[in-house]
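Trainee: Can you look at this prediction? I've put the sequence above it.
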Amino acid sequence: MLSSDEQAELAMAICATAETLGQTISAQAAEMMAEDLAEHPAELIAAALRACRRELTGKLTLAAILQRVHGADGRPEPNEAWGIAMQSMDEAETVLMTPEIQKAAAAAAPIYQAGDKVGARMAFLSAYERLVCGARQQALPVEWRLSLGHDQERRARAIEEARVLGRLPAPAASLLLAHHNLPALNDDGRAIAGLLTGDVVKASPVVRSRLADLRAGIEKAEHEQRQERRAQREDMTDEQRTALRGRREARAKQLLANLLAAQAQGDRLVADELNEITKRAKRAQEVPNV
């Protein structure tokens with residue numbers, strides 16, 4: 001909010017700007033315009049008056065000044081905002097959003113999830129323009145909020161991009177990178193995780209041996225199961241059926257023991273990495289949202 005002295009100076013600047021455009025504004029009218037503009041930052045108003053002097057060919061109006069103040073408040077244009085909202089639909093992406101984008105995206109999400117992307121875009125743009133208009137009428141400054149995604153590499157890239165664009169101050173970006181850019185697991189950890197993800201990573205000799213034993217055990221079990229299915233199609237004595245059940249039970253116990261041993265080996269190998277991630281995650285929760 002501008003002080004009384006700043007409003008008086010602004011009224012004089014408005015009169016001077018009008019004069020450069022070949023227009024005369026009364027002191028009372030200039031004071032009223034300055035009072036209406038007083039909720040906005042002084043630097044934005046000064047920039048808006050400069051833009052009016054360069055761009056206007058008609059009369060200087062309060063609407064013309066406000067249009068330029070709003071255009072320089074840092075809020076993305078509707079189409080850019082829709083692109084940011086589309087990124088936020090991917091839970092792996094880390095996205096920097098304004099409250100207006102966040103609320104408009106929430107309104108459009110059910111339509112987007114139903115498969116109607118055109119309808120979702122229209123709903124988003126309508127909600128976004130309404131929310132931005134309301135925020136600007138209240139002279140609320142732009143606010144950027146970080147929405148963290150699952151992908152660690154994209155997280156660091158998004159924070160760095162926000163710093164370059166000036167949407168995050170450099171110190172805040174550095175702090176966030178330090179707390180959210182967690183270390184990756186070593187090759188043994190990724191090799192064990194690859195059993196679930198399907199990623200192929202070369203592990204240490206110990207882990208490779210353990211995984212090879214597991215694969216051999218599974219292949220042997222599958223071979224025995226095929227033999228048993230063929231045998232079941234033939235006539236079997238009670239003695240043969242009992243022996244078949246015994247082999248199945250023994251195989252199941254051995255496979256379970258191998259899996260538990262591999263799990264224990266994996267837990268030991270990645271324990272340090274998991275502990276470090278846990279510590280950093282706890283510290284990250286102490287960082288205030290930006």
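Mentor: Everything's here; your move.

Trainee: Poorly predicted segments of this structure, please.
Mentor: 179-208, 210-215, 217-218, 221-222, 225, 227-236, 251-290 (pLDDT under 70).

Trainee: mind listing the helices in this structure by residue range?
Mentor: For the chain, the helices defined by DSSP state H cover 4-20, 27-37, 42-55, 62-71, 78-88, 99-113, 117-137, 152-164, 170-180, 187-197, 205-232, 238-285.

Trainee: can you pull the contacts of Thr98?
Mentor: Counting by C-beta atoms under 8 Å, 6 or more residues apart in numbering, Thr98 makes contact with Arg75, Pro76, Ala81, Val142, Glu143, Trp144, Arg145. C-beta coordinates here come from the backbone N, C-alpha and C atoms, glycine included.

Trainee: Narrow the residues you listed to those in strands?
Mentor: Judged by DSSP state E, strands contain the following of these: Arg145.

Trainee: Just the buried residues of the contacts of Thr98.
Mentor: Using 16 or more other C-beta atoms under 10 Å as the burial test, the contacts of Thr98 include Arg75, Pro76, Ala81, Trp144 as buried.

Trainee: Max pairwise distance over those residues: which two?
Mentor: Spatially, the most separated pair among the buried ones among the contacts of Thr98 is Ala81 and Trp144, at 12.2 Å (C-beta to C-beta).

Trainee: and this protein, what are its domains?
Mentor: 4-71, 78-180, 187-285 (automatic domain parsing).

Trainee: thinking again about what came up before, out of the buried ones among the contacts of Thr98, who's nearest Glu19?
Mentor: When the buried ones among the contacts of Thr98 are compared for distance to Glu19 (C-beta to C-beta), Arg75 wins out at 31.4 Å.

Trainee: Find the nearest non-adjacent residue to that closest one, please.
Mentor: Excluding the flanking residues, the one nearest Arg75 by C-beta to C-beta, 6 or more residues apart in numbering is Val142, at 5.1 Å.

Trainee: doesn't Gly74 make contact with that neighbour?
Mentor: Yes. Counting by C-beta atoms under 8 Å, Gly74 is a contact partner of Val142 at 3.9 Å.

Trainee: picking up where we left off before, same list (the buried ones among the contacts of Thr98) but as TSV, adding distance to Ala178.
Mentor: TSV is the format used below for those (distance: C-beta to C-beta, whole Å):
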residue	distance to Ala178
Arg75	28
Pro76	27
Ala81	29
Trp144	19
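
Trainee: Kindly indicate which of the residues you listed lies nearest Met97.
Mentor: Among the buried ones among the contacts of Thr98, Trp144 lies closest to Met97 (C-beta to C-beta), at 7.2 Å.

Trainee: residues touching that closest one, list them.
Mentor: Leu96, Met97, Thr98, Ala162, Arg167, Leu168, Val290.

Trainee: Now with 10 Å, please.
Mentor: For Trp144, the contact set (C-beta atoms under 10 Å, 6 or more residues apart in numbering) comprises 74-75, 96-99, 101, 162, 165-168, 172, 290.
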